[in-house]
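> this is a predicted model, with the sequence first.
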Amino acid sequence: PYTGPSAAEILQKRKEFLSPSMFTFFNDPLNVVDGRMQYLYDDKGRRYLDAFGGIATVCCGHCHPDVVEAIVKQTQRLQHSTILYLNSAVADFAEALASKLPGDLKVVFFTNSGTEANELALMMARLYTGCQDVISVRNAYHGNAAGTMGATAQSNWKFNVTQSGVHHAMNPDPYRGLFGADGEMYAKDVQDIIQFGTSGHVAAFICEAIQGVGGIIELAPGYLSSVYDIVKKAGGLFIADEVQAGFARTGSHFWGFESHGVIPDIVTMAKGIGNGIPLGAVVTTPEIASVLTRRSYFNTFGGNPVCTSAGHAVLKVIEKEKLQENAHVVGTHLKTRLTALMEKYELIGDVRGRGLMLGVELVKDREKKIPAKDEVFHVMDQMKEMGVLVGKGGFYGNVFRITPPLCFTKDDADFLVDVMDCVMAKM
Ligand code: PMP
């Protein structure tokens, strides 16, 4: 049994000693003390089905034994050297990771986070093309450092960004976007930005395959392949931000971009890659990677043997336990059941996503699509009381984000929907 400080004591310390900008979910904040696969346990030993997975970070399951074993073994052997010496844990994982990517994408740079990965990707694109201009999509989240905060396109997450060289294109959002599901029309906006907002040349276009923080927004069909051609013609590189959609989460494919039929020039990843261990990566072609030989590029902790051992174990678990297939099967079932709830509740305006990256948007009025933010909070809170944790997001905070560990079962999916149904029925 847990004998540590109570939730109230932790909350008090947090208020006194931690960032004042941190927030907690739920009326009665949850003190989680243990995690095991798709479950979290609170200080009273109560079990919760975790359908948020540390914001799509826990990929194989909380404290998956194979990943824990890899971390412990490597920790006992060697935790850190420097990249100036050789170590097989790092090289072996780079090789295994490169084998998961198409085309000539085979040079790996390790980082500690998604932000660092995107910062590096943007820098390489700018060096390679000799251009500064970058295009990202409105409502995107790409990180919280100087460059990536510029690429992030939601005021909620931006502080004092000054000149960032980033242009924000219309969000190809089939639900709320001006052009509905017409991918070509949104792609034309990228063309216009290049034509009227730049010299005609750009460094890069950066995009998530499914917006995570933005509220599980799938890109309008045809958008990404059209933009890909437009950006190529302007001399730019395509950076795929796979921090949330990568690593088997979308089920049908290992990478989110694959369902759009394009091959990026640079792929960035984090979150799921380490199953909770701080690890990120950038993968690109040898030609683009060579720009970093102009100077020295160094990252003290990026790709240390402990983190790369964890990453390698994650890849093996995904394969061994067929987690991609599971994400596809269970995710399809879950989406079907959530979609059926729409017929019961006017409150549900949209159900979307792929595999185990699903979103449910609540609206006060289906015609006007007025965001039902308080209702999302209420349902989340009540679902937690019944033992199910879902996340929320979207610019208006009115979208449930369902991104569980990929070991989620059909029974888990049914339980989640039954609980959501039960809470909504009482409203
Ligand atoms: N890209 C995407 C798509 C993300 O969702 C996030 C984190 N929410 C990041 C980048 C930044 O990753 P990190 O928080 O590890 O820096």
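It's in.
> not counting sequence-adjacent ones, nearest residue to the residue in the chain positioned nearest to the ligand?
For the chain and the ligand, the shortest gap (CB to the nearest ligand atom) falls at Gly114, measuring 2.4 Å. (Glycine included, C-beta is placed from N, CA and C.) Using CB to CB, 6 or more residues apart in numbering and skipping residues adjacent in sequence, the residue nearest Gly114 is Ala270, 3.4 Å away.
> again, but for Asp104
Nearest to Asp104 is Thr285, by CB to CB, 6+ apart, at 4.4 Å.
> pretty sure that neighbour contacts Val108?
No: using CB atoms under 8 Å, Thr285 is not in contact with Val108, being 11.5 Å away.
> which of those two has more neighbours?
More crowded of Thr285 and Val108, by other CB atoms under 10 Å: Val108, with 23 against 18.
> just name whatever secondary elements the helix or strand hosting the more buried one is in contact with.
Following DSSP states H and E, one finds Val108 within strand 107-111. Counting contacts by 3 or more CB pairs under 8 Å, 6 or more residues apart in numbering; DSSP states H and E, strand 107-111 is packed against helix 88-98, helix 114-129, strand 280-284, helix 286-289.
> now tabulate the ones you listed in a markdown table and tack on mean pLDDT and distance to His142.
Listed next are the helices and strands packed on strand 107-111 as a markdown table, based on pLDDT from 0 to 100; distance: least, CB to CB, whole Å:
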| stretch | mean pLDDT | distance to His142 |
| --- | --- | --- |
| helix 88-98 | 96 | 20 |
| helix 114-129 | 98 | 5 |
| strand 280-284 | 98 | 12 |
| helix 286-289 | 98 | 18 |
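> where do the helices sit along the stretch 51-200 of the chain?
Counting by DSSP state H, counting those that start in this stretch, the stretch 51-200 of the chain has helices at residues 53-56, 65-77, 88-98, 114-129, 146-151, 183-197.
> thinking again about what came up before, surely the residue of the chain closest to the ligand and Asn144 touch.
No: counting by CB under 8 Å, Gly114 does not reach Asn144; the two are 9.4 Å apart.
> just the pLDDT for the residue nearest to Asp104.
According to the prediction, Thr285 has pLDDT 98.
> measure it to Ala96 for me?
According to CB to CB, to the nearest Å, Thr285 stands 18 Å off from Ala96.
> what of Trp157?
Shown here: Trp157 relative to Ala96, a distance of 33 Å by CB to CB.
> now swap in Asp192 and tell me
In this view, Asp192 and Ala96 are 41 Å apart by CB to CB.
> the ligand contacts on the stretch 51-200 of the chain?
Contact residues (CB under 6 Å from any ligand atom) of the stretch 51-200 of the chain with the ligand: Ser113, Gly114, Thr115, Asn118, Tyr141, His142, Gly143.
> re earlier: count of neighbours near the residue of the chain closest to the ligand?
As a burial measure, Gly114 scores 26 neighbours (other CB under 10 Å).
> what does Phe26 give?
Using other CB under 10 Å, Phe26 has 14 neighbouring residues.
> check which helix or strand covers it.
Phe26 belongs to no helix or strand, assigned by DSSP H and E.
> need phi/psi at it.
Phe26 adopts backbone torsions of phi 80, psi 150, taken as degrees, to the nearest 10.
> in contact with the residue of the chain closest to the ligand, which residues are there?
Shown in contact with Gly114 (CB atoms under 8 Å, 6 or more residues apart in numbering): His142, Gly143, Asp241, Val243, Thr268, Met269, Ala270, Lys271, Gly280.
> so the last one touches Glu119, yeah?
Looking back up the chat, that one is Gly280. No: using CB under 8 Å, Gly280 is not in contact with Glu119; the gap is 10.0 Å.
> center of this protein - which residue?
In the chain, the centroid-proximal residue (CA atoms, centre = their mean) is Gln244; its distance is 1.9 Å.
> tell me the phi and psi of that one?
The phi/psi pair for Gln244 (degrees, to the nearest 10) reads phi -100, psi -40.
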